[in-house]
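Peer 1: With the input below, show me the fold.
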Amino acid sequence: MTRAAKMIVIEVLGWLLVLAGIAALVLPGPGLLMIFAGVALLSQRYAWAERRLAPIKYRALKGAADSVDNKLRVAGSVVLAIWLLAWGVVWIWSPPAPSWWPVADSWWLIGGAGTGVTLILSGLLAIFLIVWSIRRFRGHPEALEAVEAEYAEHKRRS
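Peer 2: You can find the predicted model right below:
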């Protein structure tokens with residue numbers, strides 16, 4: 001792959017991750033981690049992205065550490081990820097609208113299989129990131145301390 005093609009791929013992937021991360025902030029999903037990944041890619045090309053990378057990285061990793069801080073949070077995250085997977089299967093299966101559905105049947109499970117696949121992918125990504133967060137932060141207070149020290153050093157230099 002040529003250098004120009006590599007830069008285009010990095011930029012497109014970076015912007016896609018940033019946009020998906022923004023959407024995931026309001027939709028089910030690990031938005032801040034995706035924004036961090038996108039800005040990390042964009043920081044290879046843009047100075048503005050490099051300047052903003054440290055605060056985003058800190059907040060994303062701090063959020064990941066906090067999300068696995070105790071068993072109740074982990075259980076809640078796992079339940080929500082399984083819920084996404086289950087709804088994705090229901091959306092793909094596309095059962096008929098129930099009798100209690102108050103609006104036109106065409107409004108039942110809008111989006112069809114595409115929405116179902118997206119829900120399943122979101123659930124799988126959530127499970128992957130839960131496992132990653134547990135392995136990285138749960139029972140490893142030094143990992144969070146290192147993230148906080150790195151951010152404090154960045155703030156000191158800025």
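Peer 1: okay, Leu72: pLDDT?
Peer 2: We have a pLDDT of 95 for Leu72.
Peer 1: any idea how far it lies from Glu148?
Peer 2: 23 Å (Cβ to Cβ, to the nearest Å). Just so you know, the C-beta spots here come from the backbone N, C-alpha and C atoms, and that holds for glycine as well.
Peer 1: Point to the residue nearest the middle of this structure.
Peer 2: Geometric centre of the chain, nearest residue: Pro30, 2.3 Å, by Cα atoms, centre = their mean.
Peer 1: Isn't that residue up against Ala24?
Peer 2: Yes: using Cβ atoms under 8 Å, Pro30 makes contact with Ala24 at a distance of 6.2 Å.
Peer 1: if we can go back for a sec, for the residue nearest to the centre of the chain, which non-adjacent residue is spatially closest?
Peer 2: Take Pro30 and drop its neighbours on the chain: the residue closest to it by Cβ to Cβ, 6 or more residues apart in numbering is Leu129, 4.8 Å away.
Peer 1: Please name the residues that touch Thr115.
Peer 2: Contacts for Thr115 (Cβ atoms under 8 Å, 6 or more residues apart in numbering) come out as Gly88, Trp91, Leu109.
Peer 1: TSV for the residues you listed, including distance to Leu119, neighbour count and pLDDT?
Peer 2: Formatted as TSV, the contacts of Thr115 follow (distance: Cβ to Cβ, whole Å; neighbours: other Cβ atoms under 10 Å; pLDDT from 0 to 100):
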residue	distance to Leu119	neighbour count	pLDDT
Gly88	3	21	96
Trp91	6	21	95
Leu109	11	19	93
